[in-house]
Every structure is written in structure tokens, then in C-alpha cells.
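Participant: Following is a predicted model, sequence given first.
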Amino acid sequence: MSMVDEPLYPIAVLIDELKNDDIQLRLNSIRRLSIIARALGEERTRKELIPFLSENNDDDDEVLLAMAEELGVFIPYVGGVEYAHVLLPPLETLATVEETCVREKAVDSLCRIGAQMRENDLVEHFTPLAKRLSAGEWFTARVSACGIFHIAYPSAPDPLKTELRSIYGQLCQDDMPMVRRAAATNLGKFAATIESAHLKTDIMSMFEDLTQDDQDSVRLLAVEGCAALGKLLEPQDCVAHILPVIVTFSQDKSWRVRYMVANQLYELCEAVGPEPTRTDLVPAYARLLRDNEAEVRIAAAGKVTKFCRILNPELAIQHILPCVKELSSDSSQHVRSALASVIMGMAPVLGKDATIEHLLPIFLSLLKDEFPDVRLNIISKLDQVNQVIGIDLLSQSLLPAIVELAEDRHWRVRLAIIEYIPLLASQLGVGFFDDKLGALCMQWLQDKVHSIREAAANNLKRLAEEFGPEWAMQHIVPQVLEMINNPHYLYRMTILRAVSLLAPVMGSEITCSKLLPAVITASKDRVPNIKFNVAKMMQSLIPIVDQAVVENMIRPCLVELSEDPDVDIVFEKTLQSAGPVTLEEVKDLSAKRKVIEETVNKTSKVTDATTIGLTSACEQDLHRLRQYLPLLFNLVHYTDKIKRVSNLKIRWSSGLISQTLIQRTCPKFFQVDNIMFELGMVRFVYAVKLRERAMELVSTDFKNSVTVYREASGVFHHLSHELLPSLQLCLPPGKLPELTSPLCSCLSLLCLAEGQAVTTENAEESGRSASLLSKLHFGISQLLSEAYSLLSSRPNGEYKDLSTRFLEYVTTMGALHELKSQKHLAEVLESEDRVGEAVGVLRRALAAAKKSTPSKDDKWISIFKKEREEVAKNMAKYEELNDSMMLQKIPIDREIPFPKGVKIVNLIPYTPKRLERELRFKS
């Protein structure tokens, strides 16, 4: 519903929906609370709506979460700050529920409201709320109470302040570990509001209690408080109270506590001063770098450059460098990767001599590491070393290793090297470059990976710009032109791309004498895609050459290409238009169809006027499809009686879907004389492009990405349930798998799963509760399981041409999210001190993961392996915790809790649009 229409939405319906059995209706109504409030007015909102929400007994976490979020911004709807206190009762109720994410959002909203309330209202309404929650019988209320003390305390009178400090001290000693954890988490916020006279007495007493807690989950949160408290205390007090705790924690029996210390240690160095850092914190940090647990070493290694910046170079060389040398050959690839990502930053800190003597051997060792991420992390930061030691030493020591990496079996490593080559070339100079790296630049043009070939072509352009046209004419152009006759058409395409990039740099004379003749020769290539690319290139060459060259060489070539026998679909030649208006409309349709065909075949990258401002190629493709589809639908509408036109020759190849991993092979063209076939295939391409666009948006705009995934799902669903059932009888034998209902239904579910995966990743980054993450991950797994079953349940041979990589992608992604779901479920159980059940969940998860076959793609194998290793480590730690402290029984299979899945991403229904223009045809 549009924003204009929303105020007119019937308020009674919205209120009724709050009581509806359908969760989605209740959720929609909660999200429109502001509309209800505006319609009711401030007084009725205070007297009717807020009491109704306070008594609302909804048991769905999603609805409660939405309510907690909405109430946090509700002050304007109840009459302003003067009446803010009326919002406290419903939030107080929400702050006591069991679901963690609901409680946290309720506390956030309470803090937001409390920060705006008047002082007397805080004393009269907010502080009693904090006291009630602190005295709650169930631990959830006391957990929430810890998060609002820093709001209640500043405005309280002195006797009440004393009482609040006493209550917080009791929360720090609560019987429930969850309450003590909440008290530890919020101690820094509370301490920031305490008067300095009480800081060293009351607060430090609470801090001491938390640091000696028998639960490691409480102690590790106390570590976070060290840095916050250290900034509030004077340096001498920080040394007396905080420093001993940190040194003790660095040797704590729990690896999780040591991990937190490794993350926080460098922040404390500034608080305690140089001398305590040298005597106490440096030895503690060295111990962490040599810790038995890989996770601790990873955290410590990732902070090594920041820590060394605080120290003087001599201290870093004496105490830290020996540990760094050991980490460079650590047994864990993740430790080495963490070290490689920061170690280059140590060069400016240590200076030239120390870098050459101590760091260069470590760089060389990491450059030869067997794990590609380690090598990539080193390569990407080489410029930091060059600034310190100079290019001569860099070339002598590191260049041989770089040359070796240029032929690395992992294409991403080769890509990183290519992108670094122009910078390296400018630093090395032309002579050294020719001897050592020139041959590699040509070799990359014939790489098996398209991204490498594309990067290699761009690399030649940048080198020509760096060293000049004369150098390029001698060292690049002859070798490039030799490759234009390569027997593999993909390599010939790459050479054409390189020529088009080099032409503007080389200038008119060299382009006319050397490059243009080669391009004209390529226009007679036997492969249509090559000829398409030549036509595209000609347009880019016109501004470079003289008009006479355009008339004598380029124009004849383009005329010859325009008469190529490999013709396209031309509607106006087969449909007999009854009048000039219809003829023009059909010609427009043919032109747009031509653009769509080039889009599918990837033969045109020329930006037309209608796509100016759309930077993404996929976005441009979608724009063109949205222009074509309404015209095509209108044609279908007016040719209903002549859908079958024998001369129309509508042809599609399933090879267009090879990019999406759906087809195993590229079969012959399918030719059908039914315009509905064209409509189905174009809508399928439109859905594929929407999914592709959603993937592009993941890293920059996750909300929009999810929306586009939902749109793609809607188009696939439309194909499956509305268009394809009526089209099946018209398709030839051996029909395309794209135009079958089961596959389109499968892809619709896959898009929903991918959209929910994006939402879930964002929820993880936002720190959502493990309970919610478990449900979201399992919901993804359920969607993918349903998608796979649609194909696997079909008769044998029906989908024999489907790519195994596509099927592996669906099953691997499903197994991965099921594994993540069980991992988060175990975290929930462990936080509730049900460690035995957590161990059972992880054992079951690992057993299932071993049975699943991951995709053969290196990236998926790495992700799946990493997740399994993390689950195995969590299980080992939970088993150790259970054996040493909890002593709980590990339940049998049927007694182990199983994740509950939620599906929060729904498809957006696709409604075809028709450009309503009257068309008339001769019968």
C-alpha cells in the first residue's frame, strides 16, 4: 500500500488484525501502530491503545519484537515527553519475556525513552521500573534491569543513588549466570554515570566480584569492562586495580577469556602508561601469541601491528618479533592468515634495518604458504613494505616469490597479482619489468578463467599508459596481434577486448596501421560472437581515427556485418501488419528483441540512451527487459488467433542458462512457432537477471537485495503456476528444462532461501540472538530441501541435462545452513546451562554434515570445512565444560532438541504489464 493511501487504511481493521490468528496480519498491524495512533489522537492512544498493548498476550516472538521496536519511537504519538511514562508498562512486560532479542529491543526502547524523559518523571516512573525488574522472580526481568540503570541513576537523589548502587551490586552476585553476564556487560555504562568518589569503592568492588566469577562467560564479559573502566580511572588507579586483573585473565583457564584479553589488551596500554606496559602487558601479550588455542592466537596475531605501534621498536624486536616468527609457521592456517593481514604494517613501525633483518624472511615464508588467503593478504599490502625498504631490495627478495604466485593454481591469487602489476611496474621501471614480468602479462591473456583474461587485458592498457605508446608498440602490440588467430574463440574474444582498450592509448596512427586491420580480419571470423564484438568495437574506434578511415575501412566492414546470414528474429517480416501504426510498433518490438538477444549472448556492451545513469550491466539488462516485456505481452494479446506463425522461427538455446549452473551441456537450438514460447523464455531471463542483480546488491544494499530476490521468486512462481502449464503441449520433444514448472518452482524457492540468507547474515552482523539465528538458518535449510525435492522426485531422466553443480549448490547450501542452525541452537542451550543437550546437538550436526557431499567448488568446500571445524571446536569445548563442571547426561537422539525453522522472506507476486496499444494484423 502506498504512503498516500496508508492514513486512509481502516483503523478498525488494523486493530482487529492485532488479534488475528494469522501471524503475518498481526505483524503488519504492529508495524502500522503509528498510523493507528495518528488516527486515534494522542489522548485515545494513551487511554486505549497503550493499555491494549500492555495487556496483549501475543506469544509470537516476531510480533513482540516489532512491538518493542515501534514503542521506542512512540513518544510523539502519546503527547510528547510530558506523557512518555505511559509507554513504560508495555515495554516493562516485553522486557521480561524469554526470547532474548525481544528483551534486548525492549531495553533499547526503554533507554531511548528514558533519555528523553524529564528528571522528575524519571524519579517517579523510570527508577521504580528499574527496581521492579531488579526484584523480578524470573531471571529475564533481572537481566533486563541491568541495561537501564545508567539511565535511571544520574537524575536520582542521593539516597536513591545509594540504593541503586546497592541493587546493582546484588545483581553482580545473582544466583543466575545470565544475570551476572548482563551486569558485567553493562557495568561500563553504569560506571560512566557514577561519581568518582564511589567509582573506586562500589564499582571496583562489583568489578572484583565479576572477575572472580566461576563462570567463564561472566569473566570474559568482565574483560570488556576493563577497557571502559580503565578510561574512567586515573593512571595510578588503573595500574592498581585493572592491570593485575588483566595479567591474571591472560592466563585464565578458559580460552574464551584469554581470547577477549587478546582483543582488548592494546587498548589498555595507553591507560596504564609505558612502564607498566613494558613490565606487565608485553609479557602477557607474548603469552597470548603463544597460546595453546588457535582462536586466541588468531585474535592476538590480528592486533600485533597495533600493539607494536604503542611500543618502541627495540621492545617490539626483543619481545614480539620472536613470537611473530613462530606464528608465521603456525599449524593453523587461520592464524597465519590473521598474521599475514597485518604484519606488513609492522615495517613502518620497525624501520628499514629491522624490516630487512627480521620481517623480510617472514614475508617470504608467508608468500609461499600453501593456504591462498595467506598469500593474498601479503600481496595486497606489499606497498607498505616498499615505502620502507625501497624497490631494489623488494625486487631482489620478494619478486621471485611474486613471479611464482603469478602461476598459482588458485585464480584469485593470480588476479591479485595482476591487479598489483601496474603499481609494481611503475616502481621497478621499464628495464626490470621487461626482463622479469613482461612474459607473464601475455601469458595471462590465455588463462582458463575469464576474470583473469579480462584483468589481463585491462593490465595491458594500464602498462601502455605507464610506459608510453612507443614501448607498447614494441613490447605489447606485436604479441597481442599474434594471438588474434588463436584456435579457441574465447581467447580471440579476449584479444579483441585488449585491442579495444589499447586503441585510445596508442593513438590514431598505430590504430589505423596495426590494430584496425586485425579487427577487420576478425569480422570474417566463423564464430558469431566474434563478429558481434567486432561490430561493437568499431563504434569505439570511430572517435579515434580520421573520417576518411571511417568511410574507407570501418563503414564497409559494418555494412558487410549488417548483411550477415546469421539473421535475428524480425517480427515485421513474418507478421502481416494492417496499417503503418502497427508496422512501426512491430519494428520497435524487433529492435528491442535484438537488444535482448545481445544481452543474453553477452555480445553488446554499448550503453543506449535509455540506460544512461545505470552503472551496473545487470541493471541495464533489466531496464531493457522491462521495456521489451510489455510490448511483447501486448503483441501476444493481439495475435491470439495467430500465435502459431510458421515463418517466425523463434529460437532459444538452453546454453544461455549455463551462467546460472542450471544446464550441464549446451544443446541445439529449440525452434518454436508460438509467440507464447518467446514470452515464457524472456520472462525466465528476466527472473534470472533479477536474481543476478540481487547478488550484486548483497554487499552494498542488503534490504534492496532481499526485495529483488523476492521479485525474482515471484516471476519464477508466475512461470511455474500460470504461464507454463498452458505452454507445455506446444513445446518440441526434448524441451528446455527452463520451461518446466518443477524447475521454475525450485528456482522460486531458491531465491527465497538466498534472500533469507542475506537477511540472516545481516542479523548475525547486528548481533541478533542465537535463538533467532538458529530459526532463520533452519528456515533456509527447509526452503532448499523443498526446492531439491521438486527435482529429485521427478521421473528418472526428466532432468538428466541439469548441471550437477547446480544440484550440488542447492544441497550444499542447505546442509551448510542446517549446520549453522544447529550450532546456534547449541549456543542457546549452553547459555541456559543445558550443556549436555548442546553437546548432543553438535554431535548430531557433525554426523549429518559428514554424510552430506559439498559442492566441488573450492569456495564452497572451504566455507563448509570452516563451519564444520568451528562446530567441532565448539563441541570439544562444551564436552570439556560438561566433563569438568556441569556433569550433565548427554541425551540420546530422540531426546535431543531440534531447531525450529521460520521463513520470513515471502515472494512478491509478479503481475505482467501490458503496453496497451492497439495492433491490427491481416488474417
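Facilitator: That came through fine.

Participant: for the longest helix belonging to the chain, what is the average pLDDT?
Facilitator: In the chain, with assignment by DSSP state H, the single longest helix is helix 804-831. Mean pLDDT, helix 804-831: 86.

Participant: Check which residues of that helix are buried.
Facilitator: 806-831 (16 or more other CB atoms under 10 Å). Bear in mind the C-beta positions are built from the backbone N, C-alpha and C, glycine included.

Participant: Check stretch 616-628 too.
Facilitator: Per 16+ other CB under 10 Å, stretch 616-628 contains these buried residues: Ala617, Cys618, Glu619, Gln620, Asp621, Leu622, Arg624, Leu625, Gln627, Tyr628.

Participant: Also stretch 69-89?
Facilitator: Buried, per 16+ other CB under 10 Å, within stretch 69-89: 69-72, 74-75, 77-78, 83-89.

Participant: that older thread, which strands or helices does the longest helix of the chain pack on?
Facilitator: helix 741-765, helix 770-792, helix 835-851, helix 858-881 (3 or more CB pairs under 8 Å, 6 or more residues apart in numbering; DSSP states H and E).

Participant: so which of those helices gets nearest Val324?
Facilitator: helix 858-881 (24.0 Å; CB to CB).

Participant: So for that closest one, mean pLDDT?
Facilitator: For helix 858-881, mean pLDDT rounds to 80.

Participant: in it, what counts as buried?
Facilitator: Buried-residue list, helix 858-881, by 16+ other CB under 10 Å: Trp860, Ile863, Phe864, Glu867, Arg868, Val871, Asn874, Met875, Lys877, Tyr878, Glu879, Leu881.

Participant: doesn't Pro469 make contact with Val505?
Facilitator: Yes: using CB atoms under 8 Å, Val505 makes contact with Pro469 at a distance of 6.5 Å.

Participant: Show me what whichever helix or strand Phe307 is part of is packed against.
Facilitator: Assigned by DSSP states H and E, Phe307 belongs to helix 304-310. When contacts are defined as 3+ CB pairs under 8 Å, 6+ apart, helix 304-310 sits against helix 255-272, helix 333-343, helix 346-350.

Participant: Swap in 10 Å and give it another go.
Facilitator: The contact analysis (3 or more CB pairs under 10 Å, 6 or more residues apart in numbering; DSSP states H and E) places helix 304-310 against helix 255-272, helix 282-289, helix 321-327, helix 333-343, helix 346-350.

Participant: what does it rub up against?
Facilitator: For helix 304-310, the surrounding residues in contact (CB atoms under 10 Å, 6 or more residues apart in numbering) are 262, 265-270, 274, 277, 281-282, 285, 288-289, 300, 315-317, 319-321, 323-324, 327, 338-339, 341-350, 384.

Participant: Stretch 52-67: how far from the chain's middle?
Facilitator: When distances are taken as CA atoms, centre = their mean, to the nearest Å, stretch 52-67 is centred 31 Å away from the chain's centroid.

Participant: Ok, stretch 758-767 next?
Facilitator: The answer for stretch 758-767 is 9 Å, by CA atoms, centre = their mean.

Participant: same question, stretch 103-116
Facilitator: Centroid separation for stretch 103-116 versus its chain: 29 Å, with CA atoms, centre = their mean.

Participant: swap in stretch 489-508?
Facilitator: Counting by CA atoms, centre = their mean, stretch 489-508 comes out at 34 Å from the chain centroid.

Participant: And stretch 867-879, by the same measure?
Facilitator: Put simply, stretch 867-879 sits 24 Å off its chain's centre (CA atoms, centre = their mean).

Participant: and Asp252, how many residues sit next to it?
Facilitator: Residues within reach of Asp252, counting by other CB atoms under 10 Å, total 18.

Participant: how far away is the residue nearest to His450 when sequence neighbours are not counted from Ile452?
Facilitator: Nearest non-adjacent residue to His450, counting by CB to CB, 6 or more residues apart in numbering: Leu490, 7.6 Å away. According to CB to CB, to the nearest Å, Leu490 stands 12 Å off from Ile452.

Participant: can you pull out the strands in this structure?
Facilitator: Along the chain, counting by DSSP state E, strands occupy 650-652, 670-672.

Participant: list the residues that contact both of Leu490 and Ile452?
Facilitator: Common contacts of Leu490 and Ile452 (CB under 10 Å, 6+ apart): Gln446.

Participant: more neighbours, the two?
Facilitator: Ile452 (21 against 14).

Participant: can you tell which of the helices and strands packed on helix 304-310 is closest to Lys587?
Facilitator: helix 333-343 (57.5 Å).

Participant: quick one: average pLDDT of that closest one?
Facilitator: Helix 333-343 comes out at a mean pLDDT of 84.

Participant: And stretch 744-753, by the same measure?
Facilitator: 92.

Participant: do stretch 439-458 as well
Facilitator: For stretch 439-458, the per-residue pLDDT averages 82.

Participant: List the buried residues of it.
Facilitator: Neighbour-count burial for stretch 439-458, counted by 16+ other CB under 10 Å, picks out 440-442, 444-447, 452-458.

Participant: And stretch 501-519, by the same measure?
Facilitator: 501-506, 508, 510-512, 514-516, 518-519.

Participant: from those, which two are the most distant?
Facilitator: Spatially, the most separated pair among the buried residues of stretch 501-519 is Leu501 and Cys512, at 16.9 Å (CB to CB).

Participant: which neighbours do Val505 and Pro469 share?
Facilitator: Common neighbours of Val505 and Pro469, using CB under 10 Å, 6+ apart, are Ile476.
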